[in-house]
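*Asks:* no FASTA, just this:
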């Protein structure tokens with residue numbers, strides 16, 4: 001029994017328990033947890049960086065700051081639009097000062113008129129879309145034509161002014177005064193044109209006059225120019241009529257000397273009868289229609305009244321009529 005008990009105890013003590021790996025396993029688990037923690041921190045930092053770059057700084061503020069909110073611009077007003085708006089405002093102010101200066105120079109002598117012409121030519125590319133600028137540009141060509149004595153220079157101003165009138169037809173939203181001035185410019189070139197060139201210039205003139213009268217304006221100068229157009233178109237020869245029907249098939253051909261006389265009489269009524277050019281053309285139309293008594297009566301009235309009794313508007317029209325006759 002003792003031997004059995006001794007052997008049993010010996011066997012029991014000699015058997016060693018299996019080794020435990022708790023320490024090594026804890027170490028491995030700890031390292032893996034640290035790696036996971038680091039990777040999670042890296043991902044978090046990346047997300048935080050992206051959010052900070054996308055969101056506004058005000059997103060992190062728990063409460064809005066009043067002073068900062070007052071300085072916030074509307075979302076649809078970018079710095080580019082704001083600067084563009086201020087630039088347009090500056091250009092409008094500059095344009096207004098230029099136009100005022102040109103109006104003052106227009107009332108002066110020949111030197112002032114020439115200076116106004118060169119001033120408008122200098123800013124033509126910048127303000128070519130402004131109706132207020134364009135009609136003053138046309139007026140400056142008329143002034144230069146009026147004060148110039150050299151026939152070649154007169155012709156060059158008439159041609160260049162007609163080119164400006166032709167370009168203006170491609171622009172929209174022009175004022176009635178623009179069409180009036182450009183119609184006068186076109187009539188200046190008609191005096192120095194013959195044949196097909198005269199017909200094409202008359203076509204430009206009629207387009208400006210149509211657009212002027214569409215705006216419901218009555219002006220003695222425009223009615224005078226319309227009478228001149230009717231008279232020119234009614235006195236075309238057969239070759240010129242063929243050219244008109246070929247090049248301008250939609251051209252308005254229903255004109256006659258009677259239409260010209262009607263427009264001349266209306267221009268005389270609006271100008272208070274103070275234009276020599278209108279009276280001469282009325283007499284010419286009466287003669288063409290065979291009414292010689294009225295023609296002689298109109299010729300006998302071809303005398304200017306005194307300047308003191310003529311309104312200022314009529315004096316201006318009188319100088320224009322003297323140009324286009």
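*Replies:* In hand now; what should we look at? These numbers come from a predicted model, not from an experiment.

*Asks:* downstream neighbour of the helix or strand that contains residue 226 in the secondary structure list?
*Replies:* Element membership of residue 226 [criterion: DSSP states H and E] is helix 220-234. Remark: after helix 220-234, the chain's next helix or strand is helix 238-247, criterion DSSP H and E.

*Asks:* In stretch 119-133, which residues are buried?
*Replies:* Within stretch 119-133, the residues scored as buried using 16 or more other CB atoms under 10 Å are 119, 120, 123, 127, 130, 131, 133. Backbone N, C-alpha and C define where each C-beta goes, glycine included.

*Asks:* Quick check: the two most widely separated of those?
*Replies:* Greatest spatial distance among the buried residues of stretch 119-133 (CB to CB): 119 and 131, at 17.8 Å.

*Asks:* quick revisit: if you average pLDDT over the helix holding residue 226, what comes out?
*Replies:* If you average the pLDDT over helix 220-234, you get 91.

*Asks:* Could you do stretch 285-294 as well?
*Replies:* Averaged across stretch 285-294, pLDDT comes to 89.

*Asks:* which outside residues touch it?
*Replies:* Outside stretch 285-294, the residues within contact range by CB atoms under 8 Å, 6 or more residues apart in numbering are 231, 257, 258, 260, 261, 264, 283, 295, 298.

*Asks:* Cross-reference the residues you listed with the helices and report the matches.
*Replies:* Among the contacts of stretch 285-294, the ones falling in helices (DSSP state H) are 231, 257, 258, 260, 261, 264, 283, 295, 298.

*Asks:* Which of these are buried? Put it as a ChimeraX command.
*Replies:* The ChimeraX selection below is limited to those of the ones in helices among the contacts of stretch 285-294 classed as buried (16+ other CB under 10 Å):
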select :231,257,260,261,264,283,295,298
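
*Asks:* possible to save the ones in helices among the contacts of stretch 285-294 as a markdown table with distance to residue 149?
*Replies:* A markdown table is the format used below for the ones in helices among the contacts of stretch 285-294 (distance: CB to CB, whole Å):
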| residue | distance to residue 149 |
| --- | --- |
| 231 | 28 |
| 257 | 34 |
| 258 | 38 |
| 260 | 31 |
| 261 | 34 |
| 264 | 29 |
| 283 | 29 |
| 295 | 33 |
| 298 | 31 |
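
*Asks:* for the stretch 1-150 of the chain, which spans come out with low pLDDT?
*Replies:* For the stretch 1-150 of the chain, the stretches with pLDDT under 70 are 1-31, 46-89, 91.

*Asks:* what do you get if the cut-off is 50, keeping everything else the same?
*Replies:* 2, 6, 12, 21, 54, 56-73, 75 (pLDDT under 50).

*Asks:* Can you report how many residues neighbour residue 209?
*Replies:* 23 (other CB atoms under 10 Å).

*Asks:* what packs against the one helix or strand it maps to?
*Replies:* Following DSSP H and E, one finds residue 209 within helix 195-214. Using 3 or more CB pairs under 8 Å, 6 or more residues apart in numbering; DSSP states H and E, the elements in contact with helix 195-214 are helix 151-168, helix 176-190, helix 220-234, helix 238-247.

*Asks:* closest to residue 99 out of those helices?
*Replies:* In terms of CB to CB, the element of those nearest to residue 99 is helix 176-190, at 12.3 Å.

*Asks:* who does that closest one touch, helix- and strand-wise?
*Replies:* Under the contact definition 3+ CB pairs under 8 Å, 6+ apart, helix 176-190 sits against helix 131-147, helix 151-168, helix 195-214, helix 220-234, helix 312-324.

*Asks:* Give me the residues contacting the second one.
*Replies:* In this case it means helix 151-168. Residues from elsewhere that reach helix 151-168 (CB under 8 Å, 6+ apart): 134, 137-138, 141-142, 144-145, 148, 174, 178, 182-183, 185-186, 188-189, 191-192, 201, 204, 208.

*Asks:* Outline the domain layout of the protein.
*Replies:* For the chain, the structural domains run 92-195, 218-325, going by automatic domain parsing.

*Asks:* May I see the ones you listed arranged in TSV, with distance to residue 33 as well?
*Replies:* Formatted as TSV, the domains of the chain follow (distance: least, CB to CB, whole Å):
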stretch	distance to residue 33
domain 92-195	71
domain 218-325	90
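
*Asks:* right, so of those, which gets closest to residue 35?
*Replies:* So among the domains of the chain, domain 92-195 is nearest, using CB to CB, at 67.6 Å.
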